[in-house]
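Enquirer: Predicted coordinates and the sequence they were generated for:
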Amino acid sequence: MIDRLNLPDFELKLAEQGGKKVVWDPIRKLWVAFTPEEYVRQAFVSFLSNCKGYPVSHIANERKILLNGMTRRCDSVVYDKAGKPVMIMEYKASSVALTQKVFNQIARYNLVLKVDYLTVSNGLTHYCVKMDYEHGTYHFLKDVPSYQDL
């Protein structure tokens, strides 16, 4: 059973490989394990693309970064037209609360990428903040901005 999310309906391409459920990721162009977190990722990327005008060609899933000498992966990163990262997204399964620990995780990733927007979602609740580097703060936004407003 697939949980109902607080995101628009979208089409999932599901299959089975080696007895495990997989989903087609149109960003990575490959089949990946269908986990609760992956379901949220696919729903959120569909929302960004279909409702907010984000070109799928400007989104990277599982983007590797080097943080304190260790490889980490950002769940999704959005790039502007010049190829500069502008938003990091962190997804959790719908059963996982969006706690300070989740925000700390995405903030650590931002030490490397230094983007303008950080977004976290568990498919039910979504938070987006705009960084204010000049004042060393951030501001919660009412909604995820459209791509043209980044």
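Expert: Right, received. Where do you want to start? Keep in mind the model is a prediction, meaning the values are calculated, not measured.
Enquirer: gap between the closest residue to Val23 other than its chain neighbours and Glu11?
Expert: Once flanking residues are discounted, Val23 sits nearest to Phe34: 4.4 Å by CB to CB, 6 or more residues apart in numbering. Just so you know, the C-beta spots here come from the backbone N, C-alpha and C atoms, and that holds for glycine as well. As judged by CB to CB, to the nearest Å, Phe34 and Glu11 stand 14 Å apart.
Enquirer: Looking at those two, which has the bigger crowd around it?
Expert: Phe34 (19 against 7; other CB atoms under 10 Å).
Enquirer: Wait, the more buried one touches Leu14, no?
Expert: Yes - with contacts counted by CB atoms under 8 Å, Phe34 reaches Leu14, the gap being 6.3 Å.
Enquirer: Pull up the overlap in contacts between the two.
Expert: 21-23 (CB atoms under 8 Å, 6 or more residues apart in numbering).
Enquirer: Just give me the closest of those residues to Met89.
Expert: Val23 (17.1 Å; CB to CB).
Enquirer: Can you tell me the SS state at that closest one?
Expert: strand (DSSP: H, G, I helix; E, B strand; the rest coil).
Enquirer: in the sheet, who's paired with it?
Expert: Here Val23 sits in beta bridges with Leu14, Val32, going by DSSP bridges.
Enquirer: My read is that it contacts Val40, right?
Expert: No - judged on CB under 8 Å, Val23 makes no contact with Val40 at a distance of 11.4 Å.
Enquirer: Same drill for those two, tell me which one is more crowded.
Expert: Val40 (25 against 18).
Enquirer: Let's verify the closest residue to the more buried one other than its chain neighbours: helix, strand, or coil?
Expert: Distances taken as CB to CB, 6+ apart place Gly123 nearest to Val40, at 4.0 Å, with adjacent residues excluded. Assigned with three-state DSSP, Gly123 falls in the coil class.
Enquirer: residues contacting the residue most central in space within the chain?
Expert: Nearest to the geometric centre of the chain sits Met89, at 3.1 Å (CA atoms, centre = their mean). Met89 makes contact with 44, 74-78, 119-121 under the criterion CB under 8 Å, 6+ apart.
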